[in-house]
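Novice: What follows is a predicted protein model with its sequence.
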Amino acid sequence: MALKAWLHNLWRTRTWRDAIVVSALGLVSACTLIAVQWGLPWSFVDALELQSVDLRFQLRGPQPPPPEVLVIGIDERSYAADIFSAEDLAANPGLKLLGTWPWPRRAHALLLEKLLNAGAKVVGFDLLFTTPSMYGPEDDAAWRAALGKARHRVVVGGNQVQEESRKFGKWMMPTSEVVPDNTPLLELCAAVNYVPDRDNVVRRMFPRFCYIEDDKLITAFPVRLPQLAGIDVEWALRRHQVMINFPGRLPDSSSTFPVVEYFKLFYPKTWKQELRDGQVFKDKIVLVGPTQNFLHDSHPSPFESAMAGVEIHAAAVGTLVHHNEPRYPPHVQLVDMLTILLFAVAGVTSLLFIRQPLLKLLPPVGLVAGYAGLCQWAFTDWLLVLSFAAPAIVLVPVTVLGIAWQFLTEQFERRRARAALERQVSKEVADELMKEYGALQLLLAPQERHLVVFFSDIRNFTTIFEKGDPKTLVELLNEYLSAMSLIVNRHGGTLDKYIGDAIMAFWGAPTSRGPQEDALRAISAALEMRKELGVLQRQWAEKNYPEIKIGIGIHAGTALVGEVGSQQRSEYTAIGDTVNTASRIEGINKETGTDLLISEAAYNLVKDRLKVRPAGEHALKGRTGHVRLYFVEGLADAPSAATR
């Protein structure tokens, strides 16, 4: 029971209730996001995370491409037979081969020979040779001879295509007509496949693929080339996948790598002047492939919506050569979970310790902005990919739901506070209080205030009640209390309570206009009650109600004011010696035959505004010494508080 009561008290306290609910929202949001991120194969969190990685590439900007890699592009300008004169074509047989696609394979053989003679380390053809040449067996024989001569320095493409009837897809490999004798197929050929992410963007490469036909692994095209160039890429083969470090588009260029157009190797002028007799190829890893999309070999990448496949391979080769792949931190799942939880805690903390609704948004926004900067710095300077989307997303439900909860509970408490206030003060005062404080805490915190306390009582009401008709007297009492309560509210007082036929009210809390103004309003209310009672007496006489008389006592001083009571019921009230003194002064009216007495403390506050008659000094029950009292006849000529 003690624990239940303790929990009940804890829940009733708004600070702890907010802490419990908002913390629960943070925990549930974090756990849900962790479950979504690691429990589902693909989710909106993954999509946003991949887009954030692309943005990091773009914010980093273009970087110089690796100098070890060069691309020879097959483009429309390389259809030399259509753009060169007959004299040029006759003088350069190689150009004559570059007509309608597909070109004779003899052109590739000539190109391979020129590259190797120029000192290229290795040449990779991002092309498929899956069927015999349309130019006849001699064309295949020339290409086969060139491949055999360049063994261990050339690679051609193989491609896996998916078929519904095959679980792992079908491999499209070079036809036997072009494979040199005594050269294993998987030595000559490498996989040119890309495995895009779920959003169809290529960001990573797979070092090996399963080659079902021989139950072996086929090396990826970008891995095979540096292998043949004598570069250690064993670290990549030990991984399931490697993220590609895309260099980005070159300034004033349509490509991301230096591209030499295919035909320039067969045109003496460009070979000599632009390519410096082939010196640009010395010690290079050269990739040959289409740089325009006429072969439908372009794919989205972090920098481009359509990037040529051969350029993607070149970027992958450069990544492997320099071992500069972007990478996730070790134990990435644990790091992500801790980061998500940390962000949830930060969101909860900002909600609990910042009271202004708009200001609550600043820490989450600042945290996301700061973390975005950290992620960008880690990516640009350290090639470290920190998960951004999930930590940022967890702040959304925490912040939105947390603010919504606090808003709804505050609105509930505002309505509760207003209802409590309007039972004790006028609507105008209630409006002012709610505008100034806006929360129930106004009533919850007891504090010492300077008050002007008012007590009134009907003379001999118990005797009247015993002799009269109870129903009639209850109607009379209700009319009397209603009229007098309206007067208290009209003069800005706080109606504390009814004690049988007695009324207790005070001025100075929860709002105060200053001790003088509070005292003047309290006395003005008492004078109006005196006048209103005369009006009621005439109305009651017509109903044959008994005549009543009242006594009023007013005292000014310090009292403790605030919400007092139990868990089941509490009220906004004032307690202390000032309250007891005001009650005792009201009782002195019986001895003096008066109806409105005020203490010297109250009189001194407004003595220049009243018409009074000294009522002498009186001993009060339970209080030592005497209190000087004054009978109030009315206000001086100055306007009353009720009319100002």
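Specialist: Okay, I see it.
Novice: show me what contacts residue 362?
Specialist: By CB atoms under 8 Å, 6 or more residues apart in numbering, the contact set of residue 362 is 350, 354. From N, CA and C alone the C-beta is placed, and that goes for glycine too.
Novice: how does it look with 10 Å?
Specialist: Contact analysis of residue 362 by CB atoms under 10 Å, 6 or more residues apart in numbering lists 350, 354, 356.
Novice: give me phi/psi at it?
Specialist: Dihedral pair for residue 362: phi -60, psi -50, per degrees, to the nearest 10.
Novice: what does the model give it for pLDDT?
Specialist: On pLDDT, residue 362 comes in at 89.
Novice: could you pull out the strands for the stretch 351-500 of the chain?
Specialist: Assigned by DSSP state E, counting those that start in this stretch, the strands in the stretch 351-500 of the chain fall at 447-458, 494-499.
Novice: same for the helix or strand that residue 634 is a member of, what does it pack against?
Specialist: Assigned by DSSP states H and E, residue 634 belongs to strand 626-635. Counting contacts by 3 or more CB pairs under 10 Å, 6 or more residues apart in numbering; DSSP states H and E, strand 626-635 is packed against helix 515-542, strand 550-565, helix 577-592, strand 596-599, helix 600-606, strand 610-619.
Novice: give me that answer again for 7 Å
Specialist: Applying 3 or more CB pairs under 7 Å, 6 or more residues apart in numbering; DSSP states H and E, one finds that strand 626-635 contacts helix 515-542, helix 577-592, strand 596-599, helix 600-606, strand 610-619.
Novice: Need the ones you listed in CSV (columns: distance to residue 387, mean pLDDT and mean neighbour count).
Specialist: Output for the helices and strands packed on strand 626-635, formatted as CSV (distance: least, CB to CB, whole Å; pLDDT from 0 to 100; neighbours: other CB atoms under 10 Å):
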stretch, distance to residue 387, mean pLDDT, mean neighbour count
helix 515-542, 62, 92, 19
helix 577-592, 63, 92, 20
strand 596-599, 72, 95, 27
helix 600-606, 68, 94, 21
strand 610-619, 76, 92, 14
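Novice: can I get these in TSV with distance to residue 19?
Specialist: As requested, these are exported to TSV (distance: least, CB to CB, whole Å):
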stretch	distance to residue 19
helix 515-542	38
helix 577-592	36
strand 596-599	47
helix 600-606	45
strand 610-619	52
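Novice: Hmm, residue 323 and residue 383 touching each other?
Specialist: No: at 9.9 Å, residue 383 does not count as touching residue 323 under the criterion of CB atoms under 7 Å.
Novice: Show the low-confidence segments of the stretch 251-400 of the chain, by residue range.
Specialist: Under the criterion pLDDT under 70, no range of the stretch 251-400 of the chain is flagged.
Novice: one more time with 90, if that's ok
Specialist: The model of the stretch 251-400 of the chain has pLDDT under 90 over residues 251-258, 267, 292-298, 304-306, 333, 346-362, 398-400.
Novice: What's the local residue count around the closest residue to residue 75 other than its chain neighbours?
Specialist: Spatial nearest neighbour of residue 75, excluding adjacent residues (CB to CB, 6 or more residues apart in numbering): residue 292 at 4.7 Å. The local packing of residue 292 (other CB atoms under 10 Å) involves 15 other residues.
Novice: And the one 4 residues further on, by the same measure?
Specialist: For residue 296, the neighbour count with other CB under 10 Å is 7.
Novice: next one: residue 477
Specialist: Other residues lying near residue 477 total 17 when counted by other CB under 10 Å.
Novice: any idea how far residue 476 is from the closest residue to it other than its chain neighbours?
Specialist: Nearest non-adjacent residue to residue 477, counting by CB to CB, 6+ apart: residue 501, 6.0 Å away. For residue 501, the distance to residue 476 equals 10 Å [CB to CB, to the nearest Å].
Novice: So which of those two has more stuff around it?
Specialist: Taking neighbours as other CB under 10 Å, residue 501 and residue 476 compare with residue 476 leading, 23 against 20.
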